[in-house]
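Chemist: Below is the sequence, then the predicted model.
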Amino acid sequence: MKTKFKELLSTQFNAGGFTLASETLSIGEKAQRIADMAKLKQDEDGEFAKIFASNIEEWMREIAQMAQSSLDKQLQENIT
């Protein structure tokens, strides 16, 4: 995730915007951590484990990208 919590603190959001943005950031950060763990697991166990871990990594990175896109839009709306 390119957005950091410190950036959210320095942004003046519309009503309820900070809560939504911080929860979205948490989702993205958690997905990123799971993806990183899956990447590490790809080096372990057998071929099936590698394929499974690879899928998890891809899915979690997609979720993290969606969360980042949502944050980008919300931050942009609050800047203009």
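Modeler: Everything's here; your move.
Chemist: Centre of the chain to stretch 43-51, how far?
Modeler: With CA atoms, centre = their mean, to the nearest Å as the basis, stretch 43-51 stands 24 Å off its chain's centre.
Chemist: can you check stretch 65-73 too?
Modeler: Relative to its chain's centre, stretch 65-73 lies at 8 Å (CA atoms, centre = their mean).
Chemist: which helices and strands sit right next to the helix or strand encompassing Trp59?
Modeler: Here Trp59 is covered by helix 47-79, with elements defined by DSSP states H and E. Other elements packing on helix 47-79 under the criterion 3 or more CB pairs under 8 Å, 6 or more residues apart in numbering; DSSP states H and E are helix 17-41. The C-beta positions use only the backbone N, C-alpha and C, and glycine is treated the same way.
Chemist: For His71, grab the count of nearby residues.
Modeler: Actually, residue 71 is Leu rather than His. Residues lying near Leu71 (other CB atoms under 10 Å) number 22.
Chemist: What score does it have for pLDDT?
Modeler: Note for Leu71: predicted pLDDT of 85.
Chemist: Quick check: it touching Glu23?
Modeler: No: counting by CB atoms under 8 Å, Leu71 stays clear of Glu23, with 10.3 Å between them.
Chemist: who are the neighbours in contact with the closest residue to Leu75 other than its chain neighbours?
Modeler: With CB to CB, 6 or more residues apart in numbering as the criterion, Leu75 has its nearest non-adjacent residue at 6.0 Å, and that residue is Thr11. Under the criterion of CB atoms under 8 Å, 6 or more residues apart in numbering, the neighbours of Thr11 are 18, 21, 75, 78-79.
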